[in-house]
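A.B. asks: Please work out how this folds:
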Amino acid sequence: MIQGILGAFCVRVPISYIMSIQPNTSLFHIGLATPMSSILQLILCVGFMLWLQKNRLLDDKH
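C.D. replies: This is a model prediction of the structure:
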């Protein structure tokens, strides 16, 4: 849930705003905020999984 909030409010909204105020922008440029948010969320999830494995809180047999 935290990664979703961070992705939306720390990446998607600011990047959409920054792209929208640029000259000669299009919906394509504004729409790039969504994949950037997804990339951040993926990095956070994988990083947390690796942290759990490092601290042996996640069983690596599954």
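
A.B. asks: now the helices for this protein?
C.D. replies: Using DSSP state H, the helices of the chain run over residues 2-6, 13-20, 27-31, 33-54.

A.B. asks: Where among the ones you listed is average confidence lowest?
C.D. replies: Looking at these, the lowest mean pLDDT belongs to helix 2-6 (a mean of 88).

A.B. asks: quick one: contacts of it?
C.D. replies: Here helix 2-6 makes contact (Cβ atoms under 8 Å, 6 or more residues apart in numbering) with 40-41, 44-45, 48. No exception for glycine: its C-beta is placed from N, CA and C like everyone else's.

A.B. asks: Now, of these, which are buried?
C.D. replies: Listed as buried from those are 40-41; burial here means 16 or more other Cβ atoms under 10 Å.

A.B. asks: and I43, how many neighbours does it have?
C.D. replies: A count of nearby residues for I43, using other Cβ atoms under 10 Å, gives 12.

A.B. asks: What separation do you get for the spatially most central residue of the chain and Y17?
C.D. replies: Nearest to the geometric centre of the chain sits L40, at 2.5 Å (Cα atoms, centre = their mean). Going from L40 to Y17 by Cβ to Cβ, to the nearest Å gives 16 Å.
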